[in-house]
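Q: just coords:
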């Protein structure tokens, strides 16, 4: 009962924020053959300086252009409409939120194939990342969502996740033994950090800053853009460029909205999302080093691991992915093995 009450309250809040003038699931009222404008909503957690937000604005502009002004998108950053998991759940059974760009782990509930997104130290660079998601495995993820109420048309870039600590230099996995580290509640992340030896502690994103400030945890891990966007440099001394896992951001569409659109409208949305993905990936790659320098200028000590140091982490998590083989299912697991090998070259 409490869960459904919370859902209803959240839905009412979102309707109040996005307004009730446009219904993304109704083509005859807005954006259909009569040429009226369809009002759409895009929710994301990132701030307005994040490349994901820049890509979202690019998407909105491009979709409006492709549709001749009949599909207009309002972008809501900073989790203004709710948390990522909550938003995706709402998309799965309605169209009050048309689009979202959450972290990849949010899709694990709907397709076990996305467990692969959270396997540590599988990518060394962005070429490998996009060879994986733009290839057969990305197509498989999209197809596996059939019947879930969700549609994915492209994969965007949240960046590689890196480690920060309050007062501890980290060069090897052994340096983290017993260190209380804030991690995401996803099983894959918990398992990886426990294998490394850290005291993995799940804490809501909104509580990370205060938890670091008060010493509840000694460190955390996030993409560089999130670190600087949430001002973690104010309460953390060391930035360790572990690049332990890449965080994809799937472009998720409400299945209800998708089913209500014409084939032409779907093509416009798909094209706009793919072009925006390419745009924001380039922006992110260009901005990342500048953001690292900005963190250094703010007083953080930046540690770049040597190959030997990084290998201690790789060795520590060896076998963790295998733990999720049953959850993924044999078909997804075998395809993952093939595609990751091809992506790694």
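A: On my side now, so go ahead. Not measured: the values here are computed from a predicted model.
Q: So what's the residue count around residue 125?
A: If you count neighbours by other CB atoms under 10 Å, residue 125 ends up with 12. Heads up, the C-betas are built off the backbone N, CA and C, glycines and all.
Q: Please apply the same query to residue 339.
A: When neighbours are counted by other CB under 10 Å, residue 339 comes out with 20.
Q: Could you find the closest non-adjacent residue to it?
A: Distances taken as CB to CB, 6 or more residues apart in numbering put residue 137 closest to residue 339, at 4.0 Å, once the chain neighbours are dropped.
Q: Now for the one you found, which secondary structure element holds it?
A: Assessed by DSSP states H and E, residue 137 sits inside helix 136-144.
Q: Which neighbouring elements make contact with that helix?
A: If you count contacts as 3 or more CB pairs under 8 Å, 6 or more residues apart in numbering; DSSP states H and E, helix 136-144 packs onto strand 150-165, helix 330-344.
Q: quick one: strands adjacent to the first one?
A: Meaning strand 150-165. Strand pairing for strand 150-165, using DSSP bridges, gives strand 219-223 (antiparallel), strand 238-254 (antiparallel).
Q: Contacts only, for residue 63.
A: Contact analysis of residue 63 by CB atoms under 8 Å, 6 or more residues apart in numbering lists 40, 71, 73, 268-269, 272.
Q: what angle do the host helix or strand of it and strand 150-165 make?
A: Element membership for residue 63 (DSSP H and E) is helix 51-66. Relative orientation of helix 51-66 versus strand 150-165 (axes from the mean of the first three to the mean of the last three CA atoms, to 10 degrees): 160 degrees.
Q: List the buried residues in helix 51-66.
A: Buried residues in helix 51-66, counted by 16 or more other CB atoms under 10 Å: 51-60, 62-64, 66.
Q: Keep only those of the contacts of residue 63 that are in helices.
A: Members of these lying in helices (criterion: DSSP state H): 268-269, 272.
Q: From those, pick the one nearest residue 221.
A: residue 272 (31.8 Å; CB to CB).
Q: that older thread, by neighbours, which of the ones in helices among the contacts of residue 63 wins?
A: Counting neighbours by other CB under 10 Å, residue 269 comes out on top of these with 27 neighbours.
Q: In contact with that residue, which residues?
A: When contacts are counted by CB under 8 Å, 6+ apart, residue 269 touches 63, 71, 153, 253, 258, 261.
Q: if you set the cut-off to 7 Å instead, what comes out?
A: Applying CB atoms under 7 Å, 6 or more residues apart in numbering, we find residue 269 in contact with 63, 153, 253.
Q: export the residues you listed to a markdown table and tack on pLDDT and distance to residue 47?
A: Compiled in a markdown table, the contacts of residue 269 are given as follows (pLDDT from 0 to 100; distance: CB to CB, whole Å):
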| residue | pLDDT | distance to residue 47 |
| --- | --- | --- |
| 63 | 99 | 22 |
| 153 | 99 | 24 |
| 253 | 99 | 23 |
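Q: between those, which is nearest residue 319?
A: residue 153 (34.0 Å).
Q: roughly how far apart are the closest one and residue 99?
A: Per CB to CB, to the nearest Å, residue 153 is found 9 Å from residue 99.
Q: so what's in contact with those two at the same time?
A: 251, 253.
Q: Could you check the pLDDT of the nearest residue to residue 338 once chain neighbours are set aside?
A: Excluding its sequence neighbours, the residue lying closest to residue 338 (CB to CB, 6+ apart) is residue 136, at 7.8 Å. For residue 136, the pLDDT comes out at 98.
Q: Next, count neighbours for residue 136.
A: A count of nearby residues for residue 136, using other CB under 10 Å, gives 13.
Q: follow-up on the earlier one: compare the strands paired with strand 150-165 and give me the one nearest residue 305.
A: The nearest among these, by CB to CB, is strand 238-254 at 6.5 Å.
Q: and the angle from that closest one to helix 136-144?
A: 40 degrees.
Q: in the chain, which spans are strands?
A: Using DSSP state E, the strands of the chain run over 38-43, 71-76, 99-100, 150-165, 180-183, 199-202, 219-223, 238-254, 301-304.
Q: thinking again about what came up before, out of residue 153 and residue 99, which sits in the busier spot?
A: residue 99 (27 against 19).
Q: Report pLDDT for that one.
A: 99.
Q: Next: residue 30.
A: At residue 30, the model reports a pLDDT of 36.
Q: thinking again about what came up before, so can I have a markdown table of the strands paired with strand 150-165 showing distance to residue 316?
A: Output for the strands paired with strand 150-165, formatted as a markdown table (distance: least, CB to CB, whole Å):
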| stretch | distance to residue 316 |
| --- | --- |
| strand 219-223 | 14 |
| strand 238-254 | 10 |
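Q: show me the contacts for the closest residue to residue 203 other than its chain neighbours.
A: Spatial nearest neighbour of residue 203, chain neighbours left out: residue 182 (4.7 Å); criterion: CB to CB, 6+ apart. Residues counted as contacts of residue 182 (CB under 7 Å, 6+ apart) are 201, 203, 208, 211, 217, 220.
Q: Cross-check the contact I'm expecting between the last one and residue 213.
A: I take that to be residue 220. No: with contact defined as CB atoms under 7 Å, residue 220 does not count as touching residue 213 (11.6 Å).
Q: Looking at these two, which one has more neighbours?
A: Taking other CB under 10 Å, residue 220 and residue 213 do not tie; residue 220 has more neighbours (28 against 13).
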